[in-house]
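Asker: Sequence first, predicted model second:
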Amino acid sequence: QLQLVESGGGLVQPGGSLRLSCAATGVTLDYYAIGWFRQAPGKEREGVSCISTSGRNTNYAESVKGRFTIARDNAKNTVFLQMNNLKAEDTAIYYCAAVAVQNMCLTMIYEYEYWGQGTQVTVSS
């Protein structure tokens, strides 16, 4: 059974950076596409980024393009989300999710099968 654990969240000032990690236990991540999603208070969960099994296909929400970078290290069974130039509107709980599909980057919540518990990111001065 695949389990996902997010880490790396915290409080950061506007303009700062954080790196989120999504670590998998139970099975290898090699066969899973990974997505990052976020949910701000009072808002619906939205897609942030995704990465295919090979890492060659990635996708970013318009609001984070040029600031966030997704990457995977299959040897460490971990996917990372590097977040730079953070803004107050990036404040949310960030979730990673996985689905067993090859060479595709999926952007929709309903396409994912496994979810982590989330990590809080707060951007505030």
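Answerer: Noted; the coordinates are in hand.
Asker: Would you map the strands across this protein?
Answerer: Listed in chain order, the strands found in the chain under DSSP state E are 3-7, 10-12, 18-25, 33-39, 46-51, 58-60, 68-73, 78-83, 92-99, 114-115, 119-123.
Asker: The last one to strand 78-83, inter-axis angle?
Answerer: Comparing the axes of strand 119-123 and strand 78-83 via axes from the mean of the first three to the mean of the last three Cα atoms, to 10 degrees yields an angle of 10 degrees.
Asker: Please apply the same query to the first one.
Answerer: Angle, strand 3-7 to strand 78-83, by the same axes, to 10 degrees: 30 degrees.
Asker: on that earlier part again, ok, which of the strands of the chain comes nearest M108?
Answerer: strand 46-51 (7.1 Å; Cβ to Cβ). In short, each C-beta sits where N, CA and C put it, glycine included.
Asker: Good, wrapping up.
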